[in-house]
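Peer 1: 3D model of this:
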Amino acid sequence: MDAPQLPLTGFSGPAEDRLAIRELVDAYGDAVARRDADAWIRTWAPQGRWLIRGAVLAGHAELRRTWLAAMAAHRFVSFQAQPGAIAVQGSAARMRVHTTEWLVPLEGPARLQHGCYEDQLVREAGRWQFAERSFTVLSTQPF
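Peer 2: I've put the predicted structure just below:
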């Protein structure tokens with residue numbers, strides 16, 4: 001699952017792979033908006049790793065459990081994502097994704113959060129999935 005060490009400054013590799021990866025990002029966001037854990041976990045490789053807020057989560061069971069708990073703590077979540085760079089080489093890829101989230105927790109103030117994912121992807125059985133997502137919060141403010 002090693003991603004290519006290509007410069008992540010633009011878009012490179014076959015257009016059909018880059019489109020499929022973009023659709024993966026869109027499917028991820030759609031699953032969040034619909035709170036569909038099955039659709040969300042399908043975006044991840046079975047041994048996928050999520051590096052978020054100092055935690056390292058790995059494998060479908062841990063990813064699903066953590067995501068369900070996070071979603072249960074919110075009345076509303078909207079997740080919008082925009083790839084800033086995609087580099088594809090064979091069945092591996094790297095990507096940078098900028099995010100905007102509207103978060104309305106069950107308790108506490110609503111907030112608008114901007115972040116960035118540094119991703120490694122793998123194509124298995126003809127499908128692109130996240131092998132690793134490393135998330136950094138860039139800005140948070142009330143709305």
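
Peer 1: surely residue 41 touches residue 61?
Peer 2: No. Using CB atoms under 8 Å, residue 41 makes no contact with residue 61, being 9.3 Å away. Any C-beta I mention is one placed from the backbone N, CA and C, and that applies to glycine too.

Peer 1: between those two, which one's more packed in?
Peer 2: residue 41 (18 against 11; other CB atoms under 10 Å).

Peer 1: for residue 99, give its distance to residue 114.
Peer 2: Using CB to CB, to the nearest Å, residue 99 is found at 7 Å from residue 114.

Peer 1: can you list the strands that the helix or strand containing residue 119 pairs with?
Peer 2: Residue 119 is located in strand 111-124, with elements delineated by DSSP states H and E. Sheet pairing of strand 111-124 (DSSP bridges) gives strand 92-105 (antiparallel), strand 127-142 (antiparallel).

Peer 1: same question for the first one: list its buried residues.
Peer 2: When you say that, I think you mean strand 92-105. 92, 93, 94, 95, 96, 97, 99, 101, 103 (16 or more other CB atoms under 10 Å).

Peer 1: take these and write them to a markdown table, including distance to residue 122.
Peer 2: Shown next, in a markdown table, are these (distance: CB to CB, whole Å):
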| residue | distance to residue 122 |
| --- | --- |
| 92 | 6 |
| 93 | 8 |
| 94 | 11 |
| 95 | 12 |
| 96 | 17 |
| 97 | 16 |
| 99 | 21 |
| 101 | 25 |
| 103 | 29 |
